[in-house]
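1. give me coordinates for this.
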Amino acid sequence: TTTTTTTTTTTKGTITRIASKPYQPDGSSKPSSRTYTTRKESYPKAQLSKHGIVGDYNHYRTIALDNTLDRAVSILTEDVLDICKNSGYG
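-> Alright, predicted model coming up:
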């Protein structure tokens, strides 16, 4: 006998920023590039798949983590963003 339990939680919130960065064929997507940056452009909307935001490229996740799916999207609340900013991360 197999029992499957599904839990659904609905929470309301406001998305304040969606950001992604496509792969750059000029080599600037690689950390060894002089023009490399982790900064990602903001967009008004995005398409989400099981691989993350469609069109987003992360060199570390792609190469070092062999395209792992458990690091594809970060969701931070306003209070966590404030802590990061106050600690010098942004």
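2. what's the neighbour count on the closest residue to residue 18 other than its chain neighbours?
-> Distances taken as Cβ to Cβ, 6 or more residues apart in numbering put residue 46 closest to residue 18, at 4.7 Å, once the chain neighbours are dropped. Yep, even glycine has a C-beta here, placed from its N, CA and C like the rest. When counting by other Cβ atoms under 10 Å, one arrives at 15 neighbours for residue 46.
3. pull the contacting residues for residue 46.
-> Contact analysis of residue 46 by Cβ atoms under 8 Å, 6 or more residues apart in numbering lists 18, 20, 53-54.
4. now those residues: which count as buried?
-> Buried members of these, counted by 16 or more other Cβ atoms under 10 Å: 20, 53.
5. pull the most distant pair out of the contacts of residue 46.
-> The span of these, defined through Cβ to Cβ, is set by 18 and 54 at 11.5 Å.
6. point out where this protein drops to low pLDDT.
-> Scanning the chain for pLDDT under 70 picks out the ranges 1-10, 71-72, 90.
7. which residues of this structure fall in strands?
-> 18-20, 41-43, 48-49, 52-53 (DSSP state E).
8. nearest to residue 30, out of these?
-> strand 18-20 (17.3 Å).
9. what pairs with that closest one, parallel or antiparallel?
-> strand 41-43 (antiparallel) (DSSP bridges).
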